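Trainee: Structure, please.
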Amino acid sequence: MSGQKRAGRAAQEPSVGQRTVDFLRYVRTGPLIILASLGLFFVLWGQVIDLLDRPVRTVKIGGELSHLTAEQIQSTLEPFVADSFFQVDMYGAKRALQRLPWVSSASLRRTWPDIIEVKLIEQQPLARWGETGFLNEKNEVFTPGKVGNHLQLPRLHGPEGSQEQVVRQFNALSKTFAPLQLRVTQLIMEARGAWKVQLNGQFWVMIGRDHLHERLHRFVKVYRNTLQSQRERIAQVDIRYPNGVAVDWHTTPETGSG
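Mentor: Numbering: from 1, shown residues only. As a prediction, the model looks like this:
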């Protein structure tokens with residue numbers, strides 16, 4: 001009886017050879033089935049995209065914009081939105097927008113069926129840099145081409161790559177002069193590291209390169225005791241001397257008599 005059961009199980013279970021044949025058949029046909037399925041999927045997906053795709057009809061522009069105009073943005077996007085909804089080169093459009101002078105960052109997204117939404121963040125100028133540039137909150141230089149309504153910003157100058165150092169010095173000097181009711185309107189770092197600063201848009205202080213703390217302390221003392229009452233007449237104060245300061249005065253026209 002037990003012999004008959006073993007024979008029945010042997011008849012039911014495939015042999016090692018049969019299993020090998022089945023495995024080889026799967027190895028040959030499996031990838032073909034997968035490729036055929038993928039091909040069918042992409043064909044169907046392409047047909048679905050063709051059915052859903054349509055021309056871009058609306059470009060929505062978001063963000064607080066004070067320097068960029070809708071016309072600038074639309075003319076920049078025009079070559080890209082001429083394509084259909086799914087064919088718009090979003091990356092290329094983003095790069096084109098970020099090349100606009102006042103753009104800090106740009107983002108785009110599709111809203112089906114025919115809308116492209118654009119969000120822009122403008123540069124926030126904190127100071128002027130050189131003749132035509134500005135510094136943003138990251139101390140990066142950007143050059144929009146026109147100063148516009150930012151003439152009141154402090155004007156900073158320095159060698160290439162010195163923005164962070166110049167900004168640090170500007171902040172330190174602003175704290176030094178603020179108790180004297182003096183405002184830093186220009187700051188120049190020369191190529192060899194010497195500093196000069198304009199105060200209240202009226203007169204210059206020549207600071208130099210060395211012993212800044214001692215020289216500024218001396219200026220504060222002399223200004224409070226002597227110069228403050230004559231501020232309108234000051235043209236320049238040179239504090240680069242070891243024990244004193246030199247003052248240049250605005251010349252006043254002589255008045256004749258008779």
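
Trainee: all helices for the stretch 51-200 of the chain, in order.
Mentor: Chain-ordered helices for the stretch 51-200 of the chain, with DSSP state H, counting those that start in this stretch as the definition, fall at 70-81, 90-98, 163-177.

Trainee: Return the list of helices and strands in contact with the last one.
Mentor: Put plainly, it is helix 163-177. strand 127-129, strand 155-157, strand 184-189, strand 195-199, helix 212-222 (3 or more Cβ pairs under 8 Å, 6 or more residues apart in numbering; DSSP states H and E). Placement of C-beta: from N, CA and C, glycine included.

Trainee: Repeat the analysis, applying 10 Å as the threshold.
Mentor: If you count contacts as 3 or more Cβ pairs under 10 Å, 6 or more residues apart in numbering; DSSP states H and E, helix 163-177 packs onto strand 127-129, strand 133-135, strand 155-157, strand 184-189, strand 195-199, strand 203-208, helix 212-222.

Trainee: quick one: low-confidence ranges for the chain?
Mentor: Residues of the chain meeting the criterion pLDDT under 70: 1-52, 253-258.

Trainee: and Phe85, how many neighbours does it have?
Mentor: Residues lying near Phe85 (other Cβ atoms under 10 Å) number 20.

Trainee: Give me the residue at the spatial middle of the protein.
Mentor: Central residue of the chain (Cα atoms, centre = their mean): Ser104, 4.3 Å from the mean position.

Trainee: So that one is in contact with Phe142, correct?
Mentor: Yes - with contact defined as Cβ atoms under 10 Å, Ser104 reaches Phe142; the gap is 8.4 Å.

Trainee: shared neighbours, these two?
Mentor: Taking Cβ atoms under 10 Å, 6 or more residues apart in numbering as the criterion, Ser104 and Phe142 both touch Gln123, Asn136.

Trainee: Okay, domains of the chain per the record?
Mentor: Following automatic domain parsing, one finds the domains of the chain at 17-52, 58-122, 127-249.
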